[in-house]
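K.L.:
predicted model follows, preceded by the sequence.
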Amino acid sequence: MSELETQQYLFDLQGYMVLEDVLSSDEVVTLNRLIDAQNLPQPGLEAGLIRRFGSAAGAGPEGPGFLEWGKPFCGLLDHPRIMPILRFMLGECFRLDRIYGIYMREGTTALGLHGGNTPYSPGEYYHVRDGRIHNGFTVVAWNLTDTGPQSGGFICIPGSHKSNFKIPKEILETPEKAPCAVIPEVRAGSVVLFTEALTHGTAAWRGKHQRRSLLYKYCQSQVAWSNKRVKLPKTVELTPRQKILFGEPANPGNFFPSLFEPEFEKDN
C-alpha cells in the first residue's frame, strides 16, 4: 500500500490527519517574522473572533487577508506536500474559500466543539461513494508554534464526521475530560488537515508561548460558504494554478479546470 493510500485510509477513519515537518525551521521563522511586522494587538483571553488575524471571506471581510503580507503565505496555497492529499480529499477541482490566522496567549479560553455530521449540515458534508471521498470543506492548519495536550490547540473527536447520533451534552460542554476527544501533538512546521464535518474546536491555551496557526479552508469547486470571496493579493504575483484557487464556484470539470494538469505540475 502506498503512502497516499495509507493517508487516505487514516483520514477517512479519523476525519483528520497530521502531516509532520512540512516547513523547515527557517520557513517557520520567516512566517512568524512577517506576522510580527504587522504589530497585531495582544490576543484576547475570551473565545471567538478576537483571536483571529488576517481573515478574509467567510471568516471576515472580502480581500486577500494575510496573503498580502508576503510571498511565503502565498506559497502555502498549493504547497507540494498538501496538494496530493487535498486531491483525494476534494477531487481534481477545488477552490480556496476562507483564510484566517489564530493566535492565543496563556489563559485564552476554549472555543467549544462545533461542526460534526450530526445534526447534518449541508455545507459540511462527508461521505464516500464509488471509492471516492466527497467532502464539502477541508481545513489545512499550518502550525507556526508547537501545540498539543500540555499546551492546548486543535481538539477533535476522531470519527465524528461519520457519526449518526447527536453529541452528548457532557462531551459537548467538557470535551477535555472526555476520553473520546483528542488534542494531537503538532510541532511547529507541521500541518493538521481535517474535514469541517468533524466535530472539532479549540482547547484552552495553557502554553507559555503564543499559539500561532494559519488556516486555509478549501472546498469542492461547486461549493461556497458565503457570498464573500478571498481576493488575489496585489503585492504578490501568483502562479497560474494558485490563481485558479480564487475562481468563482462552478461545477467541477465543466466550468472549473483540474488543478493537476501537467502544465500546473511543472510550475511546482
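P.N.:
Cool, the structure landed.

K.L.:
in the helix or strand Asp26 falls within, what counts as buried?
P.N.:
Per DSSP states H and E: Asp26 is located in helix 25-36. By neighbour count on 16 or more other C-beta atoms under 10 Å, the buried set for helix 25-36 is Glu27, Val28, Thr30, Leu31, Ile35. Heads up, the C-betas are built off the backbone N, CA and C, glycines and all.

K.L.:
what's that helix packed up against?
P.N.:
helix 71-74, strand 211-220 (3 or more C-beta pairs under 8 Å, 6 or more residues apart in numbering; DSSP states H and E).

K.L.:
just the ones you listed: most buried one?
P.N.:
strand 211-220 (a mean of 22; mean count of other C-beta atoms under 10 Å).

K.L.:
so in that sheet, which strands flank it, and in what orientation?
P.N.:
strand 94-104 (antiparallel), strand 137-143 (antiparallel) (DSSP bridges).

K.L.:
still on that earlier bit, touching the helix holding Asp26 from outside, list them.
P.N.:
23, 53, 66, 69-70, 72-73, 101, 103, 142, 144-145, 188-189, 212, 214 (C-beta atoms under 8 Å, 6 or more residues apart in numbering).

K.L.:
could you dump the helices and strands packed on helix 25-36 to TSV with distance to Tyr126 and mean pLDDT?
P.N.:
As requested, those are arranged in TSV below (distance: least, C-beta to C-beta, whole Å; pLDDT from 0 to 100):
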stretch	distance to Tyr126	mean pLDDT
helix 71-74	28	98
strand 211-220	11	97
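
K.L.:
want to try a markdown table for the ones you listed, with distance to His114 as columns?
P.N.:
What follows is the helices and strands packed on helix 25-36, written out as a markdown table (distance: least, C-beta to C-beta, whole Å):
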| stretch | distance to His114 |
| --- | --- |
| helix 71-74 | 26 |
| strand 211-220 | 14 |
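
K.L.:
hang on, the earlier thing: closest one to Phe246 among the strands paired with strand 211-220?
P.N.:
strand 94-104 (6.2 Å; C-beta to C-beta).

K.L.:
and the angle from that closest one to helix 25-36?
P.N.:
On the basis of axes from the mean of the first three to the mean of the last three C-alpha atoms, to 10 degrees, strand 94-104 is oriented at 70 degrees to helix 25-36.

K.L.:
please pick the buried ones from the contacts of helix 25-36.
P.N.:
Buried among these (16+ other C-beta under 10 Å): 23, 53, 66, 69-70, 73, 101, 103, 142, 144-145, 188-189, 212, 214.

K.L.:
of those, closest to Ser163?
P.N.:
The closest of the buried ones among the contacts of helix 25-36, once distances to Ser163 are taken by C-beta to C-beta, is Trp142, at 27.2 Å.

K.L.:
on that earlier part again, out of the helices and strands packed on helix 25-36, which is closest to Leu40?
P.N.:
That would be strand 211-220 among the helices and strands packed on helix 25-36, by C-beta to C-beta, at 10.1 Å.

K.L.:
past that closest one, which element shows up next along the chain?
P.N.:
Taking DSSP H and E, what comes next after strand 211-220 is helix 240-244.

K.L.:
ok, residues contacting that following helix?
P.N.:
Cys74, Leu77, Asp78, Arg95, Leu232, Phe256, Pro257, Leu259, Glu263, Phe264, Asp267, Asn268.

K.L.:
who's in contact with Lys217?
P.N.:
Contacts of Lys217 by C-beta under 8 Å, 6+ apart are Gly58, Ala59, Leu96, Asp97, Arg98, Ile99, Phe137, Thr138, Val139, Val140, Glu196, Trp225.

K.L.:
what's near enough to touch the nearest residue to it once chain neighbours are set aside?
P.N.:
Spatial nearest neighbour of Lys217, excluding adjacent residues (C-beta to C-beta, 6 or more residues apart in numbering): Arg98 at 4.2 Å. By C-beta under 8 Å, 6+ apart, the contact set of Arg98 is Ser55, Ala56, Ala57, Gly58, Ala59, Leu215, Lys217, Trp225, Val230.

K.L.:
for Leu90, same thing?
P.N.:
Ile133, Asn135, Thr138, Tyr218, Cys219, Gln220.
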